[in-house]
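**Student:** From the sequence below, what's the structure:
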Amino acid sequence: MQLNMSLTTSRLLKSFIMVIFLLHLVGCLWVTVAYLNPFDTPISWISYAGLIDKTNIEIYTAAVYWSAVSIYTVGYGDITS
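**Tutor:** Next up is the predicted model:
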């Protein structure tokens, strides 16, 4: 199946897909870093944000939000407690 799409639309779609993938990748890495805490005490951004008792999808959403804010703005994400 062939789509008749302009070059601009094709590039825009490709860029959008790459940004979504990058946000997913950085979000997953951010959650992984939080769970790789070598100490017995759960001190991470998850505990500081009050997400200890939340579901995995809520933690993932917070991580993707943080990565979007960090990528699109200057500075760090605004995960606050």
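**Student:** Residue 8 and residue 67: what is the separation?
**Tutor:** Separation of residue 8 from residue 67 (C-beta to C-beta, to the nearest Å): 27 Å. From N, CA and C alone the C-beta is placed, and that goes for glycine too.
**Student:** Quick one: find the helix or strand in this structure with the lowest mean pLDDT.
**Tutor:** When the helices and strands of the chain are scored by mean pLDDT, DSSP states H and E, helix 45-48 comes last with a mean of 85.
**Student:** picking that back up, of residue 8 and residue 67, who's got more company?
**Tutor:** The neighbour comparison of residue 8 against residue 67 (other C-beta atoms under 10 Å) goes to residue 67, with 20 against 8.
**Student:** Relative to residue 2, how far out is that one?
**Tutor:** 35 Å.
**Student:** Could I get the buried residue list for the single longest helix found in the chain?
**Tutor:** For the chain, the longest helix by residue count, based on DSSP state H, is helix 7-35. By neighbour count on 16 or more other C-beta atoms under 10 Å, the buried set for helix 7-35 is 23, 26-27, 30-31, 34.
**Student:** Closest to residue 61 out of these?
**Tutor:** If you rank the buried residues of helix 7-35 by distance to residue 61 using C-beta to C-beta, residue 27 comes first, at 8.4 Å.
**Student:** what about residue 37, which SS state?
**Tutor:** coil (DSSP: H, G, I helix; E, B strand; the rest coil).
**Student:** State the distance from it to residue 8.
**Tutor:** From residue 37 to residue 8 the distance is 45 Å (C-beta to C-beta).
**Student:** Check residue 64 too.
**Tutor:** The value you get for residue 64 to residue 8, if C-beta to C-beta is used, is 27 Å.
**Student:** Next secondary structure element downstream of the least confident helix or strand of the chain?
**Tutor:** helix 56-72 (DSSP states H and E).
**Student:** That next one packs against which elements?
**Tutor:** helix 7-35 (3 or more C-beta pairs under 8 Å, 6 or more residues apart in numbering; DSSP states H and E).
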